[in-house]
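Participant: Fold the following and give me the result.
(chains A and B)
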Amino acid sequence: MNFVASIGLEVHVQLKTRSKMFCGCAVEFGAGPNEHTCPVCLGLPGALPVMNHEALRLTLLTGLMLDCEIAPLSKFDRKNYFYPDMPKNYQISQYDLPLCANGRVPLHERAYPSDARGKIDKSVPLARIHLEEDVAKSFHFETTTGIDFNRAGTPLMEIVTQPEIHSPDEAFAFLASLKQILIQGGVSDADMEKGQLRCDCNVSVRPKSRAELGAKIEIKNMNSISGVRRALAFELDRQVHLLERGEKLEQETRGWSDERGETFLMRTKESAHDYRYFPDPDLVPVKTDSLVAEVRSRVPELPAAKRARFVEQYQITDYDAAVLANDVDLARYFESAAQGATKPKQIANWILNDLQSALSAANKTINDCAIPPEALRELVGLIDSGRISGKQAKDVFADMFASGKSAGEVVRTKGIEQLSDTAALEKMCDEVITANPKPAADFKAGNAASLNFLTGQVMKLSKGKANPQLVGEILQRKLK
Amino acid sequence: MSPAELPGLTITGLRECLRTRDVSPREVIEALRTRIEDVDPTIGAYLSIDFDAALKEAEKVDVDLPLGGVPIAIKDLINVRGQLCTCGSKILANYRAPYDATVVQKLRSAGAIPLGKTNMDEFAMGSSTENSAFKLTRNPWDISRVPGGSSGGSAAAVAADLAFGSLGTDTGGSVREPAAMCGVVGLKPTYGRVSRFGVTAFASSLDQVGPFAKTVRDCALLASAIAGVDPQDSTTLPADVPDYSRNLDVDLTRVRIGVPKEYLIGEALDEHVRTAINAAVEKLQSLGVEIVMLSLPHTEYAIATYYIIATAEASANLARFDGVRYGQRAENAHDIFEHYTRTRGEGLGAEVKRRVILGTYVLSSGYYDAYYARAQKVRELIRGDFANAFEKVDAIVSPTTPDIAFKFGERSADPLKMYLADIFTNAANLTGICGISVPCGFAQVEDRQLPIGLQLLGKALDEQRILQIAHAYEQATDWHKIAAPLSARR
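Facilitator: Numbers count the residues shown, from 1 in each chain, chains lettered A, B, ... in the order given. Have a look, this model is predicted:
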């Protein structure tokens, strides 16, 4: 391709706070219309905003997790435009002194879509992170419109990247990586389908030979990470196509239709708002030093560090460590299961293969998995000690996954424990050698394959319960 | 004490009668009701009064509280739960407040009874109360003249003995200017001294609630009741609130008061006013005050600075009046744009529109730096002027207004001339300091006596000092004893 894509994302994140940004109303979804409202979040005459410090802390925590520079002094501004969902017809946001600047989000290879692989160890540089209030939600009925102000005034963090994402796959990986970090820090549940994470994309395309960016086109309304990827792919195609035909692109805002799989024009540059930002005189500037000190202890171990530790501490492969470390819940499960285990690598294998596929087949997540971590450790221990075979373990696992029973319980009730009692096995081996003099003689004469036949006979005699490895050893000793 | 004489009392006098059980809170409300029904049709101080609610409160009020049983009139942009709160605007003609402003809550916990909502310039924009969407308020000294504004109803109510005291708001002089024109005492507290929660915002960095009263002592009582930090207003100051009325009588011999030379020159100053202020300065000197001439070099830019900042903030503050959630809305609009333009076009008055447009303009991209950003810089320079001055003096004295109360319609055609009424007052709002207006004489015009106000400015949180000076001046003069022709004391 002779064109370079420059993509910048503006990600809005709903913060996990108990109350709204500037009033005491609860942040709770699924409540009846306008149940969580008060004079402040309804914009009644005389109401004044009061800062939610937990929202400030969560934003600063995000800044620390993403390696941002934290502003020592930050302030809030009014962004003015008329919109029925906006109670005051201005939004309290941050203009020129955001809480956090710069920083970056590292992309890990497993964050890329499963049908794509991206550059390893790339990170997307950020421009800023700021805090603002969310707007209400309109519901359009046949002849009227209703507005639910429950969401109005809830804290919303905006993360703005530099335009240094260069493909739809990278955008996908960015969102997936960011989401993991936000969840890990307890900042947000970051579920895009629930609107907890919303994303606008700025896309421009330029010929490889030119240095300056092309016309910035904004896309709105994607409601899943794969939607973002599809919208970007469509939009890049469209822009390149137009440029190739010699047409000129103009700055505009476009929407995304998931059903039709295409973007459409919403407004052109001419109708862009003049937001007339100015400092909100109702709020005092925020000094961040003590808040940052409070929040430092809340910075969790991030995927990159966790991955390195897993390799070191559990002797698992870098690849397995990456997969486990990138999913907070999976990592937690692995660490509980691996605790005190002799072969953590085996545990990792069981989680990443059998458990993952069983979960996806059952459409479940690790959090509602019927097998507790200790039970998985027990299962691996049973294999390790030879009490069950690898093949038997698969059946035991399936039973555990379905019933929630412990490994030991399944083995007992199914009666599939391996026979490893040497005295009993010796007796069986003697019987088989006596009954099959020819194969025994053949083995003695150097025909190694005869041992398989004899082992098979012992297994038959034990109704499949004998430990085959042990049987082989006994037979070999006896036929020396 | 006969019911007809009751409304003529000061708050201090009324408290005495209530505490001794000479009169009951109910009798006070009834006496005031009779007087209001009798006189307010002429004055027009009130927009709405709920006597039943007041009587109900009178039944259970504790008269031993600092303001126990004292009815207080409230400017109609301050929210009183269950009462109309029109802000003098058509767009809120039927709006009822669902909650109490912090100042109202504080008055209630001091035992006061909020009684009646007073007329005002629409959204506090004006200096004559002529911009009310509902009616004119007349000056009790001459009913052909304005009471000043924007808190004209609150000032006229006190001057005409239709209230014992009242609350107004002062964004550029809206308490001090009508206090001067109606011959009563009006205080603009330090920015942040009194909570703005529940007070409909005009210009958030300038607005401050202030009391009107017949005497400095009454004014001090009200100020102590409403002041203090409020968790619901982040801009309130955490300083303790003294009982200002307890510490009023002090010797002024070591007090230094500055006279800014910029305030006594120029043709804008009315001759009656100049004469009265000069006499007042001499009177202060005779009380032992040392008078110091000083300069506030940037004050000539105060009006321009004020009208940029105030209108910018107002353009955002008033955006919420869109008819979507409450208030009047245009019927049968075809789309949201028409809904906005017609609702606001029909609901807001000319002066409000003028200021919203002005404020929108000064914040617009391409103009922000030339206007809003520059105004903030000049605001800092003016702040510096006052900081320098207060290193040399304890207070600054000036006229409250350049002119006496004018006749209805006299200035309506010329908004700029109307804006000049704030020339001595709005620097206090820009710098956040406190100021008080106290009666200092009369102009004899067309066989009428028209009051003149003396302004005393104090540094931030120095309310006690300006109240002391104002009190000493008041006690040394007889101006406060001369009552308006339409008062109960004549």
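Participant: and A:Glu426, what element?
Facilitator: helix A:422-435 (DSSP states H and E).
Participant: ok now do the residue of the stretch 351-480 of chain A found nearest chain B, which residues does it touch?
Facilitator: Distance from chain B to each residue of the stretch 351-480 of chain A (Cβ to the nearest Cβ) is smallest for A:Asn367, at 39.0 Å. The C-beta positions use only the backbone N, C-alpha and C, and glycine is treated the same way. Counting by Cβ atoms under 8 Å, 6 or more residues apart in numbering or on different chains, A:Asn367 touches A:Asp329.
Participant: Report the buried residues of the following helix or strand past the helix holding A:Glu426.
Facilitator: Downstream of helix A:422-435, the first helix or strand assigned by DSSP H and E is helix A:437-444. Neighbour-count burial for helix A:437-444, counted by 16 or more other Cβ atoms under 10 Å in any protein chain shown, picks out A:Pro439, A:Ala440, A:Asp442, A:Phe443.
Participant: Mind giving me the packing neighbours of helix A:437-444?
Facilitator: helix A:450-461 (3 or more Cβ pairs under 8 Å, 6 or more residues apart in numbering or on different chains; DSSP states H and E).
Participant: ok, the residue in the stretch 51-200 of chain A that chain B sits nearest to - contacts?
Facilitator: Nearest to chain B, among the residues of the stretch 51-200 of chain A, is A:Asn89, at 3.5 Å (Cβ to the nearest Cβ). By Cβ under 8 Å, 6+ apart, the residues touching A:Asn89 are A:Gly43, A:Asn80, A:Tyr81, A:Phe82, A:Tyr83, B:Ala316, B:Ala319, B:Arg320, B:Asp322.
Participant: one more time with 7 Å
Facilitator: Neighbouring residues of A:Asn89 by Cβ atoms under 7 Å, 6 or more residues apart in numbering or on different chains: A:Phe82, A:Tyr83, B:Ala319, B:Arg320, B:Asp322.
Participant: same thing with A:Ser450?
Facilitator: The contact partners of A:Ser450, by Cβ under 7 Å, 6+ apart, come to A:Pro439, A:Asp442, A:Phe443.
Participant: Out of the residues you listed, which is nearest to A:Val292?
Facilitator: Among the contacts of A:Ser450, A:Phe443 lies closest to A:Val292 (Cβ to Cβ), at 75.0 Å.
Participant: Could you confirm B:Ile379 falls within a helix?
Facilitator: In this structure residue B:379 is Arg, not Ile. Yes. B:Arg379 forms part of a helix when assessed by DSSP: H, G, I helix; E, B strand; the rest coil.
Participant: pretty sure it contacts B:Gly432?
Facilitator: No. When contacts are counted by Cβ atoms under 7 Å, B:Arg379 is not listed as touching B:Gly432 (9.8 Å).
Participant: Report pLDDT for the residue positioned nearest the centre of chain B.
Facilitator: When Cα atoms, centre = their mean is applied to chain B, the residue found nearest the centroid is B:Val175 (1.7 Å). Per-residue pLDDT puts B:Val175 at 98.
Participant: Let me see the confidence value for A:Ala448.
Facilitator: Taking A:Ala448 on its own, its pLDDT is 82.
Participant: Residues of the stretch 151-300 of chain B that sit close to chain A?
Facilitator: Contacts of the stretch 151-300 of chain B with chain A, taken as Cβ under 7 Å from any Cβ of the partner chain, map to B:Arg196, B:Phe197, B:Gly198, B:Val199, B:Thr200, B:Ser204, B:Ser205, B:Pro231, B:Gln232, B:Asp233, B:Ser234, B:Thr235.
Participant: Adding neighbour count, pLDDT and secondary structure, write the residues you listed out as CSV.
Facilitator: Below are those laid out as CSV (neighbours: other Cβ atoms under 10 Å in any protein chain shown; pLDDT from 0 to 100; DSSP: H, G, I helix; E, B strand; the rest coil):
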residue, neighbour count, pLDDT, secondary structure
B:Arg196, 27, 98, coil
B:Phe197, 26, 98, coil
B:Gly198, 29, 98, coil
B:Val199, 27, 98, strand
B:Thr200, 31, 98, coil
B:Ser204, 22, 98, coil
B:Ser205, 21, 98, coil
B:Pro231, 10, 98, coil
B:Gln232, 19, 98, coil
B:Asp233, 20, 98, strand
B:Ser234, 18, 98, coil
B:Thr235, 20, 98, coil
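Participant: for those residues, which one is nearest B:Leu420?
Facilitator: Nearest to B:Leu420, judged by Cβ to Cβ, of those is B:Ser205 at 21.7 Å.
Participant: Could you count how many residues lie near the nearest residue to the closest one once chain neighbours are set aside?
Facilitator: Once flanking residues are discounted, B:Ser205 sits nearest to A:Pro281: 3.8 Å by Cβ to Cβ, 6 or more residues apart in numbering or on different chains. Using other Cβ atoms under 10 Å in any protein chain shown, the number of residues around A:Pro281 comes to 19.
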